[in-house]
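>>> coords please:
(2 chains)
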Amino acid sequence: MANAPLNDADLRATVIATLQSIAPEVEPALLRDSRPLRLQVDLDSMDWLNFLIGLSERLKVAIPESDYGQLVTLKDLMDYLKARLA
Amino acid sequence: MSEFRLPSLGADMDEGTLLQWLVQPGDTVHKGQVVAVVDTAKAAIDIEIWQDGTVQALQVQPGEKVPVGTVLATLLAPGEAAGAAPPIQAAQVAPVPPEMARAQAAASGAAGEAAPIPAQGPPPPPPPPPTSAAGPAPLPTLQAAVSGLRLRVSPAARRQAEALGLELQGVAGSGPGGAITLADVALAAASASASASPVRPAASAAAPVAGPTAGTPATDRQAEIRRAIASAMSRSKREIPHYYLLETIPMARAQQWLAEANAGRPITTRLLMAALQLKAVALALRRYPELNGFFIDGQFQPAPAAHIGVAISLRQGGLIAPALHNVDQLPLDALMPALADLVQRTRAGSLRRTEMVDASITVTNLGDQGVEAVLGVIHPPQVALVGFGRIAPRPWVDAAGGLCVMPTVTASLAADHRVSDGHRGGLFLAELHEQLQHPEEL
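Next up, the predicted model:
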């Protein structure tokens, strides 16, 4: 991304805000970064797709479907997005 | 002069609360135009009008809860002079001969749909008895909310704002006539949460949130949804002799086709397996019409089109299965956005009346929750429900008799034994199996 790089806190805030736009009941303080996200938040396949669409639009990154398998935990997602944004 | 009545809102709903008029006396209206928003147990529903004309008088005020069939407004036909003074008493509901109500309901049922659909669900109820001046007790919270927002707000936006605990008064509207749209709410919510402590967006909003905004109404709605489900499902289990069939379907071809199709697509146009499954059900139904329709007054009435009820879980609990229209005729590229839109609007509590009443079979997909299979409860007056479990790699014996690992799904059929038999039901599942082996033809 051409803009100033996001720091970890900003990136996390963006990810959480996107998640909350799909699942408003999410309490960020209760999310464990290293546990599978979809075991912590009730996301069906449509929610998951919308979540990734939201992230790709806010961060202007492409997320190929073949990469979905790598994106299990919040940490996975953060690492993946950081790499794509770098 | 003609009367615009509260139309049927679905099999298990016999009354609604008028939330908002979108027209005023003197406004010209056109067939199919959404003129009012009515709250039901399940969602706020946009109510369309089924004839052209000019609004003469509004007979029901926001906040009033009235039975299906109640005159909501009077209309002048195009060119008709206002004539005598319009009825002014809002609370008065003139009794109307049943034939008239029925004729009107039938006409509206036939006129507006994409395909001519027989008025679905139970026949239109007789007109309500003239309500006395007492009238129904208004819902204080709703009424306060509504009168507070003489703002123009789309139902989806209102519901979402409620869910987010967002006050609509300060939100700038970008829709027609300055109406607040879902996008406006999302924007307002985003800016509210951006400036918030990392607690909850709702808690950060200003004073109005003091008593958790969404709290009371949301709880009410949850209770009402629970009651609506309880009533429909109890009726189903009381009246419908269900039979159940299961079929294990290999999904390697469908998965591979989907992966290839999505590889070349931007994320916003990617397809979900759920869309393929819905289409496969719709195509399989063509040869098994006895699974697609309604059992009414002791008789099966086949549906003329595959309007599939899609079971959609609500985040706060409960579910709604609104109709996705003409699924058999939608290419996947049209089906997918239609499905996404339906899910979004269902969760936002903004559905059209036709979506609440047209479903002629239901599909439920609990695979995302990881269940192996689901044996469904038919939604009366429908006669069948198709369920999908989780797609996962499982041991499989291939055509040559060799053991391999194959992604499979267990599809189930729950059907009404008054209308169909296990033999035909089994053939339907075999056809569904076959449809999913040819994803390129879906």
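>>> got a list of what residue B:340 touches?
A:46, A:49-50 (CB atoms under 8 Å, 6 or more residues apart in numbering or on different chains). (Glycine included, C-beta is placed from N, CA and C.)
>>> tell me which residues in stretch B:220-229 are buried?
B:221, B:224-225, B:228-229 (16 or more other CB atoms under 10 Å in any protein chain shown).
>>> Just the CA atoms from that stretch would do, formatted as CSV, please.
The C-alpha trace of stretch B:220-229 is given here as CSV (Å, rounded to 0.1, in the frame of the first residue of the first chain):
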residue,chain,number,x,y,z
ASP,B,220,-38.6,-8.3,22.7
ARG,B,221,-37.8,-9.3,19.1
GLN,B,222,-35.9,-12.3,20.2
ALA,B,223,-38.8,-13.4,22.3
GLU,B,224,-41.2,-12.9,19.4
ILE,B,225,-38.9,-14.7,17.0
ARG,B,226,-38.8,-17.6,19.5
ARG,B,227,-42.5,-17.6,19.7
ALA,B,228,-43.0,-17.6,15.9
ILE,B,229,-40.5,-20.5,15.5
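>>> Next, the residues that contact stretch B:361-371 from outside, please.
A:43-45, B:274, B:277-278, B:281, B:285, B:291-293, B:303, B:306, B:308-311, B:321, B:374, B:376, B:378-379, B:382-391, B:409.
>>> so which of the contacts of residue B:340 also contact chain B?
Among the contacts of residue B:340, proximity to chain B is found for A:46, A:49-50 (CB under 8 Å from any CB of the partner chain).
>>> can you list those in CSV and add neighbour count and pLDDT?
As requested, the ones next to chain B among the contacts of residue B:340 are exported to CSV (neighbours: other CB atoms under 10 Å in any protein chain shown; pLDDT from 0 to 100):
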residue, neighbour count, pLDDT
A:46, 22, 93
A:49, 22, 94
A:50, 21, 94
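>>> rewinding a little: the contacts of residue B:340 in helices, which ones?
Those of the contacts of residue B:340 mapping onto helices are A:46, A:49-50, per DSSP state H.
>>> quick one: the nearest residue to residue B:277 once chain neighbours are set aside and residue A:84, what's the gap?
Once flanking residues are discounted, residue B:277 sits nearest to residue B:388: 5.6 Å by CB to CB, 6 or more residues apart in numbering or on different chains. Residue B:388 sits 33 Å away from residue A:84, going by CB to CB, to the nearest Å.
>>> who has more neighbours, these two?
residue B:388 (26 against 16; other CB atoms under 10 Å in any protein chain shown).
>>> Please list all residues in contact with the more buried one.
Residue B:388 makes contacts with B:277, B:363-367, B:374, B:409-412, as judged by CB under 8 Å, 6+ apart.
>>> can you tell me the average pLDDT over the one helix or strand residue B:412 maps to?
According to DSSP states H and E, residue B:412 maps onto strand B:403-416. Averaging the model's pLDDT scores along strand B:403-416 yields 97.
>>> What pairs with it, parallel or antiparallel?
Sheet pairing here is set by DSSP bridges, and for strand B:403-416 it gives strand B:242-250 (antiparallel), strand B:384-388 (antiparallel), strand B:392-397 (antiparallel).
>>> so who does the nearest residue to residue B:392 once chain neighbours are set aside touch?
The shortest distance from residue B:392 to any non-neighbouring residue, by CB to CB, 6+ apart, is to residue B:407 (6.6 Å). Taking CB under 8 Å, 6+ apart as the criterion, residue B:407 is in contact with B:250-252, B:255, B:391-394.
>>> If we use 7 Å, what do you get?
By CB atoms under 7 Å, 6 or more residues apart in numbering or on different chains, the contact list for residue B:407 reads B:251-252, B:255, B:391-393.
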